[in-house]
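this is a predicted model, with the sequence first.
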Amino acid sequence: HLSESGGGVVQAGGSLRLSCAASEATLFKTYTIAWFRQAPGKEREFVAGVTHSGDKVTYGDSVKGRFTLFRDNDNGTLFLQMNSVEPEDTAVYYCAGRWGVILTTTPRYETWGQGTQVTVSP
């Protein structure tokens, strides 16, 4: 199972770091992990994903150059460093896991966390 943390309220232009922790680090090492987000009234959107080995990272167009994704397999944790945040980044952020390549669509992920709220004030 996955669990997100690190959400909160931040001013536009600021930074925030989200974490996604796995209950089983051994299983975590085999998973491709991705972050999705969902704003009120909108569909869940792909933010970024990383392969199980960390050798490939993919970012959504809206966060490229601002967000950085990296994983610590030894501790079963994935981090999303959010810099230069914008009010449009306000959403509930979810981490999700699957076996295989990074995909940007939600139905292909087997395991999901409960989400953490990020609110960016103008």
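Sure thing, it's come through.

what stretches of this structure score poorly on pLDDT?
Counting by pLDDT under 70, the chain contains no low-confidence range.

each with direction, which strands does the strand or helix carrying G49 pair with?
Element membership for G49, per DSSP states H and E: strand 45-50. Applying DSSP bridges to the sheet, strand 45-50 is found paired with strand 32-38 (antiparallel), strand 57-59 (antiparallel).

TSV for those, including mean neighbour count and distance to T111?
The way it works is simple: take the backbone N, C-alpha and C, and place the C-beta from them, glycine included. Shown next, in TSV, are these (neighbours: other C-beta atoms under 10 Å; distance: least, C-beta to C-beta, whole Å):
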stretch	mean neighbour count	distance to T111
strand 32-38	24	9
strand 57-59	17	18
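
quick one: the strands in this protein, in order.
Here the chain has its strands, by DSSP state E, at 2-5, 8-11, 16-22, 32-38, 45-50, 57-59, 67-72, 77-82, 91-98, 111-112, 116-121.

nearest to T104, out of these?
Nearest to T104 among the strands of the chain is strand 45-50 (3.9 Å), distances taken as C-beta to C-beta.
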